[in-house]
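>>> this is the structure alone, sequence omitted:
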Ligand SMILES: Cc1ncc(COP(=O)(O)O)c(C=O)c1O
């Protein structure tokens, strides 16, 4: 799509390739394979001498439409769609790294990402050193001769720590290292890591891109030579954690309303965060849009607004945190985020339960910590619901 269009226009129009029926809404191609005109054409497609679809583990027109739309929004040359956010991270690592390589990663990552790096990749002789999300010098110090990748989330899950993408990309590039940023919390509506110097953007499309908690999906975005020729697409095509056409279609339709949703999530979250700060039983609130946030200035520079996630600590540890959860009637007790419906989680016993206590302590995930993914309900109704358990 032409570059002069604004993001909200791109979100509606990028990736459209109408079929012979000239449908207005994007077509959903539910097919496992594609028919060839002849044996010669089949051979040409398989050899790559003729472009075109072969089999939906490789490419599918609906998935391609989603990829083009997200790539246009992130300002990426290419997007490789995956079956989930975790398979996006896996594909990125399996495609770009080999046994004996090393990763430097933020200590403040989604629990399954920590698990993947710490336990699964370790089995294949890929080691990870975890460092502070916010201390740029510690990333520099952790570099080894075999370091290939810096990996971070910003804002982080669940504490909303902000990593300085531009500063870390400089450190990475001086050492010939790729910087990958999980942009799940902000989406391109609020933050564009590639413009700030990142090489790779990761998405759990399950979250805000989709926006209504219906399907799983993921994506890896970046330069064509890195992702297509460098092995990420090749890994997916062979190993198979590709995005289904149905899920691509649902997520693509979700993306159409991304900008207005992200603005509303941010506005609601910011009101909830300020209200939580005034509650006597809340000891701390973590939200990048609050001036009390330790990286408030950096967040203002890097993101358009604070996003929809607020973490807060209550007096009384796990028991008090569980009381808040169990007293809600409206907010859903579920581990997902990025849904139009608000969700509330106790990270220490759910999303981050499988990492060690030591790793949780190092990441600042206390037993009294709660994470609310603020949805699109009326803020007053959300406050009333949280108030029951905060008395
Ligand atoms: C920041 C972040 N990255 C990645 C993931 C994994 O995404 P998925 O559940 O789509 O595999 C999550 C899931 O919660 C997440 O919060």
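Received the coordinates, thanks. These numbers were taken from a predicted model, which means no experiment stands behind them.

>>> looking at the closest residue to residue 346 other than its chain neighbours now. What's its pLDDT?
What sits nearest to residue 346 in space, not counting adjacent residues and going by CB to CB, 6 or more residues apart in numbering, is residue 321, at 5.2 Å. Backbone N, C-alpha and C define where each C-beta goes, glycine included. Here, the pLDDT recorded for residue 321 equals 97.

>>> residue contacts, residue 321?
Applying CB atoms under 8 Å, 6 or more residues apart in numbering, we find residue 321 in contact with 314, 346, 367-370.

>>> filter those residues by proximity to the ligand?
Among the contacts of residue 321, no residue lies close to the ligand (CB under 6 Å from any ligand atom).

>>> tell me the one of those residues nearest residue 87?
Closest approach to residue 87 among those (CB to CB): residue 346, at 25.9 Å.

>>> about what we covered before: distance of the residue nearest to residue 346 relative to residue 10?
Distance of residue 321 to residue 10, given as CB to CB, to the nearest Å: 40 Å.

>>> same deal with residue 230?
Taking CB to CB as the measure, residue 230 falls 26 Å from residue 10.

>>> what do you get for residue 203?
Per CB to CB, residue 203 is found 16 Å from residue 10.

>>> just give the closest residue to whichever residue of the stretch 151-300 of the chain sits closest to the ligand, not the sequence neighbours.
Closest contact between the stretch 151-300 of the chain and the ligand, by CB to the nearest ligand atom, is at residue 204 (3.1 Å). Spatial nearest neighbour of residue 204, chain neighbours left out: residue 85 (2.4 Å); criterion: CB to CB, 6+ apart.

>>> and the one you found, what's its pLDDT?
Residue 85 carries a pLDDT value of 98.

>>> show me the contacts for it.
Going by CB under 8 Å, 6+ apart, residue 85 touches 110, 182, 184, 202-207, 216-218.

>>> in strands only, show me these.
If you go by DSSP state E, these have 182, 202-204, 218 in strands.

>>> of the residues you listed, which is the most crowded?
Using other CB atoms under 10 Å as the neighbour criterion, residue 204 leads those with 31 neighbours.

>>> can you give me the distance of that one to residue 41?
Here residue 204 is placed at a distance of 37 Å from residue 41 (CB to CB).

>>> ok, residue 120 next?
Taking CB to CB as the measure, residue 120 falls 40 Å from residue 41.

>>> you'd agree residue 209 is up against residue 202?
No. Applying CB atoms under 8 Å as the test, residue 209 and residue 202 come out as separate, 11.8 Å apart.

>>> between these two, what contacts are shared?
residue 219.

>>> please determine whether stretch 73-87 lies in contact with the ligand.
Yes. Contact between stretch 73-87 and the ligand, assessed by CB under 6 Å from any ligand atom, occurs at 84-86.

>>> with respect to residue 166, which of the residues you listed is nearest?
Closest approach between the residues of stretch 73-87 next to the ligand and residue 166, by CB to CB: residue 85, at 23.8 Å.

>>> residue ranges in the stretch 51-200 of the chain under the pLDDT threshold?
For the stretch 51-200 of the chain, not a single residue meets the criterion pLDDT under 70.

>>> give the contact list for residue 353.
Shown in contact with residue 353 (CB under 8 Å, 6+ apart): residue 111.

>>> show me what from the stretch 201-350 of the chain comes close to the ligand.
Within reach of the ligand by CB under 6 Å from any ligand atom, the stretch 201-350 of the chain has these residues: 204, 206, 216, 218.

>>> for residue 246, see how far away the last one is.
Computed as CB to CB, the residue 218 to residue 246 distance reads 15 Å.

>>> same thing with the first one?
Computed as CB to CB, the residue 204 to residue 246 distance reads 17 Å.

>>> the third one now?
Shown here: residue 216 relative to residue 246, a distance of 11 Å by CB to CB.

>>> between these two, which has more neighbouring residues?
Neighbour count, other CB under 10 Å: between residue 216 and residue 246, residue 216 has more, with 21 against 14.

>>> list the contacts of the more buried one.
Counting by CB under 8 Å, 6+ apart, residue 216 touches 83-85, 205-206, 247.

>>> same thing but 10 Å
For residue 216, the contact set (CB atoms under 10 Å, 6 or more residues apart in numbering) comprises 82-87, 204-207, 210, 243-244, 247, 250-251, 336.

>>> the residue nearest to residue 315 when sequence neighbours are not counted and residue 320, how far apart?
Once flanking residues are discounted, residue 315 sits nearest to residue 281: 5.1 Å by CB to CB, 6+ apart. Residue 281 sits 7 Å away from residue 320, taking CB to CB as the criterion.

>>> give me the common contacts of these two.
Residues touching both residue 281 and residue 320 (CB under 10 Å, 6+ apart): 313-314, 368, 389-390.

>>> just the ones in strands from those residues, please.
Counted as lying in strands by DSSP E, out of the shared contacts of residue 281 and residue 320, are 313-314.

>>> farthest-separated two in the shared contacts of residue 281 and residue 320?
Using CB to CB, the shared contacts of residue 281 and residue 320 reach their maximum pairwise distance at 313 and 389, which is 13.8 Å.

>>> the two - which one has more neighbours?
More neighbours surround residue 313 than the other of residue 313 and residue 389, with 23 against 19 (other CB under 10 Å).

>>> thinking the more buried one is in contact with residue 346, fair?
No. In this structure, residue 313 is not within contact of residue 346 by CB atoms under 10 Å, at 11.4 Å.

>>> now for those two: what residues contact both?
Common contacts of residue 313 and residue 346 (CB under 10 Å, 6+ apart): 321, 365, 367-370.

>>> select only the buried ones of those residues in ChimeraX?
Selection of buried members from these for ChimeraX, criterion 16 or more other CB atoms under 10 Å:
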select :321,365,367,368,369,370
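
>>> understood, closing this out.
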